[in-house]
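Asker: Show me the folded form of this:
(one chain, ligands or ions: 3)
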Amino acid sequence: MINLQDIRDTARDLLASGEVRAVIGFRSGSRGMAAEPAFITRPEEADELVWDPTCFHNLALYLVEDRKFQAHARANPAAPIAVVAKGCDARAIVVLLQEHYFKRDQVYIIGVSCEGSGVLDERKLAGHLNGFPATSAAFDGDDFVFVTAQGEQRLPAREVMAERCLECREPYPREHNVVLGENRSGRELALPFAALTRFEAQSPAERWEFWQRHFERCIRCYACRSVCPMCFCDECVVDSITYPVTAETTAEEKANRVRWIERSATRSENITYHMTRAMHLAGRCVDCGECERVCPVNIPLRLLNNKMEREARERFGYEPGASIGGPSLVASFRDDDPGQFIR
Ligand code: SF4
Ligand code: SF4
Ligand code: SF4
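Answerer: Ligands and ions are numbered 1, 2, ... in the order given. Okay, the predicted model is just below:
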């Protein structure tokens, strides 16, 4: 079991020695029990760090934000930035390193193993607490322990754990500078792709009806894009690279507006957005589940991303985030590639 003091001591020592310029971890949140990302730069702040089942965020996202910030400021910091990384966060960092988004010596990975559990699914928990909000959550062996106004509630972790954690085979951050916790690589609490397999048992017509119904509800808030460490493009296909249209705008200027997908949240435009995003994530999505967690209208995006992940695995034997040195799926080909067009 992870000892929180080990995380705090590691962060404190790294900052005190000047080995890193900041540590990205988790602190107690301002929204109920959920932890929130913490950015600490002084050794004495290390005691603010927490580790519990609400450490959902994929902190690799903030490495991307830091890189953008440094580039904008034209800074080239001498020391790396440290990040507390679960298995899925570490896989995201590996993809970013594969894609040369930053260099290995610019990040210090404090790996934390999820061992026998993972993170909480707040929607599942709500069904167990009879409307009483929990004020804190903690790991305790195979259970999660919550404090509510009714007192302490202990639930088997499997009943309230996020689906992605139930299906996770790599809860151990293989890429790390230092790692805390046991290596439980290959762990299976549920069969991989179990939810996708259940979904695909339906007929094509049922599946199409399912996705049309869900995509119609998408409000195009782009929270799924904002939270994803892999969606780092400065210019996204859904954003108009344009200027305001005024009375002075000429017809030619209007015609030349670059706008691949209309902003209106209609079903057809939403489908185009989600299909484009899924394609851009093929072989890159590490199944951290963050896009689905933050969706305000509960669109099951994980099914879509899992479909691409399973295709990559079955067709090409490719595992996103497994190895920095290996080629990225979308930037390489093999002579025995099953697609005729590539030869
Ligand atoms: S998906 Fe795996 S690595 Fe990520 S939080 Fe869940 S158990 Fe941990
Ligand atoms: S977070 Fe949900 S509602 Fe917002 S754009 Fe993504 S799928 Fe649509
Ligand atoms: S697409 Fe979703 S699950 Fe995949 S890496 Fe991005 S946020 Fe995580």
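
Asker: element containing the residue nearest to residue 228 when sequence neighbours are not counted?
Answerer: Setting aside the residues directly before and after it, residue 228 is nearest to residue 291 in space (Cβ to Cβ, 6 or more residues apart in numbering), at 5.4 Å. Just so you know, the C-beta spots here come from the backbone N, C-alpha and C atoms, and that holds for glycine as well. Using DSSP states H and E, residue 291 maps to helix 290-294.

Asker: How far does that helix sit from its chain's centre?
Answerer: 8 Å (Cα atoms, centre = their mean, to the nearest Å).

Asker: do that helix and ligand 1 meet?
Answerer: No. Using Cβ under 6 Å from any ligand atom, helix 290-294 stays clear of ligand 1, with a minimum separation of 9.7 Å.

Asker: Which strands or helices does that helix pack on?
Answerer: Under the contact criterion of 3 or more Cβ pairs under 8 Å, 6 or more residues apart in numbering; DSSP states H and E, helix 290-294 touches helix 223-226, helix 301-316.

Asker: Quick check: pLDDT value at residue 292.
Answerer: On the pLDDT scale, residue 292 is placed at 96.

Asker: let's number from 414 now, not from 1
Answerer: Sure, I'll start numbering at 414, so the last one becomes residue 705.

Asker: That one: neighbour count?
Answerer: Number of residues near residue 705 (other Cβ atoms under 10 Å) recorded here: 22.

Asker: The residue nearest to residue 641 and residue 713 touch, don't they?
Answerer: No. Residue 704 lies out of contact with residue 713 (Cβ atoms under 8 Å); the separation is 10.3 Å.

Asker: Give me the more crowded residue out of those two.
Answerer: The neighbour comparison of residue 704 against residue 713 (other Cβ under 10 Å) goes to residue 704, with 24 against 16.

Asker: contacting residues around the more buried one?
Answerer: Residues in contact with residue 704 (Cβ atoms under 8 Å, 6 or more residues apart in numbering) are 636, 637, 638, 640, 641, 714, 715, 718.

Asker: among those residues, which are within reach of ligand 2?
Answerer: Answer for those near ligand 2 (Cβ under 6 Å from any ligand atom): 636, 637, 714.

Asker: Show the contacting residues for the second one.
Answerer: Right, residue 637. By Cβ under 8 Å, 6+ apart, residue 637 lies in contact with 690, 704, 705, 707, 708, 712, 714.

Asker: Quick check: closest non-adjacent residue to it.
Answerer: Spatial nearest neighbour of residue 637, excluding adjacent residues (Cβ to Cβ, 6+ apart): residue 704 at 3.7 Å.

Asker: With residue 594 instead?
Answerer: Residue 594 sits nearest to residue 526 (Cβ to Cβ, 6+ apart), 3.1 Å away.

Asker: could you list every residue that touches the one you found?
Answerer: 415, 499, 500, 584, 585, 586, 592, 593, 594, 595, 596, 597.

Asker: swap in residue 624?
Answerer: So residue 624 contacts residue 684 (Cβ under 8 Å, 6+ apart).

Asker: List the residues that contact the spatially most central residue of the chain.
Answerer: Nearest to the geometric centre of the chain sits residue 701, at 3.9 Å (Cα atoms, centre = their mean). Residue 701 makes contacts with 471, 501, 502, 504, 505, 577, 642, as judged by Cβ under 8 Å, 6+ apart.

Asker: Ligand 3 next: which of these are close?
Answerer: Okay, of those touching ligand 3 (Cβ under 6 Å from any ligand atom), that's 471, 505.

Asker: ok, how many other residues are close to residue 529?
Answerer: 17.

Asker: and it, how far is that from ligand 1?
Answerer: For residue 529, the distance to ligand 1 (Cβ to the nearest ligand atom, to the nearest Å) stands at 9 Å.

Asker: how about the helix holding residue 704 as CSV, C-alpha atoms only?
Answerer: Output of helix 703-707 as CSV, limited to C-alpha atoms (Å, rounded to 0.1, in the frame of the first residue of the first chain):
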residue,chain,number,x,y,z
GLU,A,703,-10.5,11.7,-18.2
CYS,A,704,-12.5,12.7,-21.3
GLU,A,705,-15.4,10.6,-20.2
ARG,A,706,-15.2,11.7,-16.6
VAL,A,707,-15.4,15.4,-17.3
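
Asker: Give me the pLDDT value at residue 499.
Answerer: For residue 499, pLDDT reads 98.

Asker: Contacts only, for it.
Answerer: Contacts here follow Cβ under 8 Å, 6+ apart; on that basis residue 499 touches 468, 471, 525, 526, 527, 532, 584, 586.

Asker: Sort out for me which of these are in strands.
Answerer: Among the contacts of residue 499, the ones falling in strands (DSSP state E) are residue 525.

Asker: can I get the contacts of residue 704 in a markdown table with pLDDT and distance to residue 456?
Answerer: Putting the contacts of residue 704 into a markdown table (pLDDT from 0 to 100; distance: Cβ to Cβ, whole Å) gives the following:
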| residue | pLDDT | distance to residue 456 |
| --- | --- | --- |
| 636 | 96 | 34 |
| 637 | 97 | 36 |
| 638 | 95 | 35 |
| 640 | 97 | 30 |
| 641 | 97 | 32 |
| 714 | 96 | 39 |
| 715 | 95 | 38 |
| 718 | 94 | 38 |
